[in-house]
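Enquirer: Just need the structure, nothing else, for what follows:
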Amino acid sequence: MLRAAVTLSALLALAGCNATSGPSLAWMSRANSDLEAADFSGQNLAGVNFGGAVADGASFANANLAGANFNAASAQKTSFVNADLTKANFAAAHLEQALMQGANLTGANLDGAILDGTDFSGARWIDGKKICKPKSVGGCE
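Expert: Model prediction:
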């Protein structure tokens, strides 16, 4: 019997999810996974569960992560540049030195998240009204 290892990238390619307009993968759970340095740039990951995952150094730049769950995940030095994080859950997540420039955080949950050194420049803040000033680090100014 031939066994093949299927990677998340292969699944995403088969599902046609290389663009933010592709089908949602909300059914997929990556909870507690090792996703260090993974590249999810530009992919539609709306509603995916990344709870407890280690995604340090990963890239979610330009990705659709609306409603995604990063509860208690580690995403240190991770890029969320220009990502759609609408209603995403980052409660108790480790986001030290993450890059959130230009991200849409409208309705996102950041309760208890560790944001030391996180860059929110140009991000739309959780109230959906405020755009963070340049050099907004650790919060939205």
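
Enquirer: Only C-alpha atoms from now on, for both contacts and neighbour counts.
Expert: OK.

Enquirer: Surely Cys135 touches Asp119?
Expert: For residue 135 the amino acid is Lys, not Cys. Yes: assessed by CA atoms under 8 Å, Lys135 is found in contact with Asp119 at 6.8 Å.

Enquirer: more crowded one of these two?
Expert: Counted by other CA atoms under 10 Å, Lys135 and Asp119 do not tie: Asp119 has more neighbours, with 27 against 15.

Enquirer: Just give the nearest non-adjacent residue to that one, would you?
Expert: Nearest residue to Asp119, sequence neighbours excluded (CA to CA, 6 or more residues apart in numbering): Val137, at 4.5 Å.

Enquirer: residues contacting the one you found?
Expert: 116-121 (CA atoms under 8 Å, 6 or more residues apart in numbering).

Enquirer: how about low-confidence regions in the chain?
Expert: Scanning the chain for pLDDT under 70 picks out 1-27.

Enquirer: residues making contact with stretch 116-131?
Expert: 82, 95-109, 132-140.

Enquirer: chain center to it, what's the gap?
Expert: 14 Å (CA atoms, centre = their mean, to the nearest Å).

Enquirer: Export that stretch to CSV, keeping only CA atoms.
Expert: The C-alpha coordinates for stretch 116-131 follow below in CSV (Å, rounded to 0.1, in the frame of the first residue of the first chain):
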residue,chain,number,x,y,z
ASP,A,116,5.0,43.5,23.5
GLY,A,117,6.7,44.9,20.4
THR,A,118,3.7,44.1,18.1
ASP,A,119,3.5,46.7,15.3
PHE,A,120,-0.1,47.9,14.6
SER,A,121,0.9,50.8,12.3
GLY,A,122,-2.0,51.5,9.9
ALA,A,123,-4.2,48.7,11.4
ARG,A,124,-7.9,49.2,11.7
TRP,A,125,-8.4,48.7,15.5
ILE,A,126,-10.9,46.4,17.1
ASP,A,127,-13.5,49.2,17.4
GLY,A,128,-13.6,49.3,13.6
LYS,A,129,-13.3,53.1,13.7
LYS,A,130,-9.8,53.9,14.7
ILE,A,131,-6.8,53.5,12.3
